[in-house]
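*Asks:* Sequence and predicted structure are below.
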Amino acid sequence: MNSLVLDASVAIKWAMPLAREPLTDESLRLLKRYVDGEVEFIVPDVFWAEVGNVLWQGTRQRRWRQDEAEAVAADMQARNFTTISSLGLLPEALKIAFAHDRAVYDCLYVALAVQSRADLITADERLANALAARFPVKWLGAF
């Protein structure tokens, strides 16, 4: 089975498809591949905080109700993605962040992709454009 590092920017799109964000259809196709057993997802532990923060912000902005956000969080937790501690990823993530002027949060995903020998799938086109030439980073729109 093919492993992919899943960026929170992708997962949140299939978590709330009615929001009709750009790349929602692509994210739902990727989710179908996961459900069908074609791929497995690996995430750094920061993934969960990022997803939770987006759900909280969306509730504050009245994009969805609190009970909907809580249901999405529970559904994602139930998928039981392999979750890797950021502690072991931090040294490499810092090197990447300093060398490429990127946020450490993003670089934790990149470091996990390097360590796991897997592609990072992100909806963040700027991140993909900045790092794809040197690291296994793929933009969801071109995946």
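*Replies:* Looks like it came in fine. The model shown is predicted, which means the values in this text are computed figures rather than measured ones.
*Asks:* C-alpha coordinates for the helix or strand bottoming out on mean pLDDT in the chain, CSV please?
*Replies:* None of the helices or strands of the chain scores lower by mean pLDDT, DSSP states H and E than helix 8-15, at a mean of 89. Provided in CSV are the C-alpha atoms of helix 8-15 (Å, rounded to 0.1, in the frame of the first residue of the first chain):
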residue,chain,number,x,y,z
ALA,A,8,-4.4,19.3,7.2
SER,A,9,-5.1,21.7,4.3
VAL,A,10,-6.3,18.7,2.3
ALA,A,11,-8.2,16.9,5.1
ILE,A,12,-10.2,19.9,6.1
LYS,A,13,-11.6,20.1,2.5
TRP,A,14,-13.1,16.7,2.6
ALA,A,15,-14.2,17.2,6.2
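*Asks:* How about residues contacting the next helix-or-strand element following that helix?
*Replies:* Using DSSP states H and E, the helix or strand that directly follows helix 8-15 along the chain is helix 24-35. Here helix 24-35 makes contact (CB atoms under 8 Å, 6 or more residues apart in numbering) with 4, 10-11, 13-14, 17, 39-41, 79, 121, 123, 140-141, 143. Quick note: C-beta positions are derived from backbone N, CA and C, even for glycine.
*Asks:* Many thanks, I have nothing further to ask.
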